[in-house]
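**Q** Got a predicted structure plus its sequence, pasted below:
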Amino acid sequence: MSNRVFSILLIILITSTVQASELLVGINFNNAKEHLRQGQAVQAIQALTKIKSKPGAEDWSTIYLCESQLQVEDYVNAKLSLEKLPATGLVSLYKEKLRIEHELLSNPKPNYGKIVEKLINLKAEGHKQLSPELRYVEALIDSKQNKLSVAIKKLQSIRLTYPKTLAAAKAYRLQQSIEEMDFANKKNIFTPKFYLSELVTLQAQGLNNAAYDLLVKLEAEPDFKTQLQSKQFFVQKLTILKRVNKQDERKEYLVNVAKNADSSLYRDTLEELTRIEWNKNEYAEAEKWLRKIGTNSRFSLYIMARISEEKGELEQAVKHYRTIIGAGVKDDYFRQSSLRLGWLYLKQDKELDAIQVLTKLKKSGVNLNYYDYQAVNYWLDKVQQNKTLTMNSDILSDPRLYYFWINKGETIATPSNDFNPPADFLFTKSKKCTNQDIAIGSQNESKLKHLATYGLYDLVREEVDYLTRNTQNDESAVRARAKLILDMGATSESFMELRELPSVYSSLEKLCLTEVIDILYPNKYWDLFVKEANNYKIDPLLLISLARTESAFNPLALSHSGAQGLMQLMPQTAEMEGFMGYQKGEPERIFLPEVNIALGAKHIKRLYDHYNGKWHLIIAAYNAGASAVDRWLQRYPDTSPELWVEFITYQETRNYVKKVLGTYWTYRNRMEKVSKES
């Protein structure tokens, strides 16, 4: 993009940088919530005390302070906290819920009739974010009335349905307390079937160590002996051992099971042992297990094809893939084999063979994920129509798509800085789309903007959902709510609001694409992206596209694998790029946008230098790591960048490259429109 466009954008695309002290409010708030989930109420109280007087956060801090006080059975102070909460608005619903909970926990003889009546009234409000808490209160009532079997079923259901919520954590602790009780029909409740479900539930909550401890306990129980031979237990044990990183124990378990050829799990065990060795590139060991399975099975043929492909023995790989496809079974092996064979034929310039394979796949009715479906359409049309796409309307009409742009001649290895799309490519207003504005009042706006400044985006959306509870769920209303959330500053939640109802979102894409582009592709933190891009001589639109794909611009984003902040940096990556916060006792600084973006930009520059500025490799390495990308480069040398992307082994990374590049070109398109209108 030209310097002129960037200078215009710096003037027109206004964004605010979150001050460190303000974002620390959100960090403390989220820490308090996590302490509560972990049962660490004292630490939660300490974190909340630091922020309870912050504008906009007072009521929510008090709500969680009261939750903490109830957890430590400090009913006097919990009641005082309740008295500070307002009697109107969304917070009043939580206040009423907490009053009920306080009554149940502090009063040895609560009035269940009145409590149930209040609970019914709360449920009638229809506030979806409160649902897990209300279901927990119902289970708490059952436990207090000694309906323990009913309570246990409800508690486990809450944990499985809403696994990451505070209600799920409270449900787990209440369930544990019931398990420790001695009562008449206890064995009828805590059956082997219950404990198999419990292994699944603990994993859903992320309590993998607790799942492992339960696993060990169950294996020592005589009553559980039959279940140890079940497929369900086998799958759960393998999953748990993988999640707690006990790989040696996992393999030892598999090898022991594999010693019994009469076991119903024998075949599953051999297949898993094969996968383990294949994933480590230990091909000889993998082939040893394959010989035990038999080399004519579809699993064996597919693994042999992949091994041959990875070793560069392409003709042997083609032979195995053709055998799988020719069997006529339309399963996942057929899908995977058809895709990989199609790409191999294209690599070998056997276009007619590629057309035959991909056409058969397209007509088979086998389910393809979104990006694989687009890939099949793109490559079929490209080969059949002399490199000009004519058949697939989605690719032709949606300028957010990766394939839209490569069909127009954009290159993925080194995207051009000269971007002058024809006028009909630019986003234009649609006459089919109706717009509406939602007024929530200046006081509410001030509160929500404060919450957004703290990074508490989920609370912004929850407040908006409550304030607009009487609006419809048509296209105009959904867009208006999403736009309001965006205007308040809660970028990631505006995306979620827009996509909450798939049918409405699909209609918005078709009728009002231009009207939702500003919501889907905001310019949040643009000044920081430009600053760091200039520092490292990289394109700021690449940085903003990565941030959108990684975190949807949520500065407090934290993935299940531990990736942090806007650019979703793993701790080891952050340290490699010079972050000292972990050693200095300031780990929270990684979430500050100016810190996180700077570290992310530095890492991109490292990858940029490593891959000589080849964008598709840089983006793939940002997601999967350089070692994986280097391995794929060795396997598929002399392959065009566009086709090389299709060969990426990890589906997540393959789709990720396409998402980031599609986002990049969409931003460029949008930015060009801004510069032309100016």
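**A** Happy to help now that I have it.

**Q** quick check: longest helix of the protein.
**A** Assignment by DSSP state H gives helix 651-677 as the longest helix of the chain.

**Q** Name the residues of it that are buried.
**A** For helix 651-677, a neighbour-count test (16 or more other C-beta atoms under 10 Å) marks 653-673, 675 as buried. Any C-beta I mention is one placed from the backbone N, CA and C, and that applies to glycine too.

**Q** same check, this time on stretch 259-274
**A** Result for stretch 259-274 [16+ other C-beta under 10 Å]: buried residues 265, 266, 267, 268, 269, 270, 271, 272, 273, 274.

**Q** can you pull out the helices in the stretch 251-400 of the chain?
**A** Taking DSSP state H, counting those that start in this stretch as the criterion, the stretch 251-400 of the chain carries its helices at 266-279, 283-293, 298-310, 314-326, 332-347, 351-363, 370-384, 393-397.

**Q** Kindly indicate whether the nearest residue to residue 600 once chain neighbours are set aside is helix, strand or coil.
**A** Counting by C-beta to C-beta, 6 or more residues apart in numbering, residue 567 is the residue found nearest to residue 600 once chain neighbours are left out, at 3.0 Å. At residue 567 the chain is in coil, as set by DSSP: H, G, I helix; E, B strand; the rest coil.

**Q** List the contacts of residue 567.
**A** Contacts for residue 567 were tallied using C-beta atoms under 8 Å, 6 or more residues apart in numbering; they are 546, 547, 550, 551, 596, 597, 599, 600, 603.

**Q** Apply 10 Å and report the result again.
**A** Each residue near residue 567 by C-beta atoms under 10 Å, 6 or more residues apart in numbering is listed here: 532, 543, 546-547, 550-551, 557, 573-574, 590, 593, 595-601, 603-604, 622.

**Q** in stretch 289-302, what counts as buried?
**A** Per 16+ other C-beta under 10 Å, stretch 289-302 contains these buried residues: 289, 290, 293, 298, 299, 300, 301, 302.

**Q** residues in contact with that stretch?
**A** Against stretch 289-302 from outside (C-beta under 10 Å, 6+ apart): 254, 258, 261, 266-267, 269-278, 283, 287, 303-304, 307, 319-324, 327, 329, 331-334, 336-337, 340.

**Q** related to what we said a few turns ago, show me how to select, in PyMOL, the buried members of the contacts of residue 567.
**A** The buried subset of the contacts of residue 567, as determined by 16+ other C-beta under 10 Å, is captured in PyMOL by this line:
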select buried, resi 532+543+546+547+550+551+557+573+574+590+593+595+596+597+598+599+600+601+603+604+622
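
**Q** so of the contacts of residue 567, which ones are in helices?
**A** The members of these that map onto helices under DSSP H are 532, 543, 546-547, 550-551, 573-574, 593, 595-601, 603-604, 622.

**Q** Between the two ends of stretch 627-646, what distance do you get?
**A** End-to-end distance of stretch 627-646: 18 Å, with C-alpha to C-alpha, to the nearest Å as the criterion.

**Q** roughly how far is it from the heart of the chain?
**A** 26 Å (C-alpha atoms, centre = their mean, to the nearest Å).

**Q** thinking again about what came up before, quick one: the helices of the stretch 251-400 of the chain as a markdown table, columns for mean pLDDT too.
**A** Converted to a markdown table, the helices of the stretch 251-400 of the chain look like this (pLDDT from 0 to 100):
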| stretch | mean pLDDT |
| --- | --- |
| helix 266-279 | 96 |
| helix 283-293 | 96 |
| helix 298-310 | 97 |
| helix 314-326 | 97 |
| helix 332-347 | 97 |
| helix 351-363 | 96 |
| helix 370-384 | 92 |
| helix 393-397 | 69 |
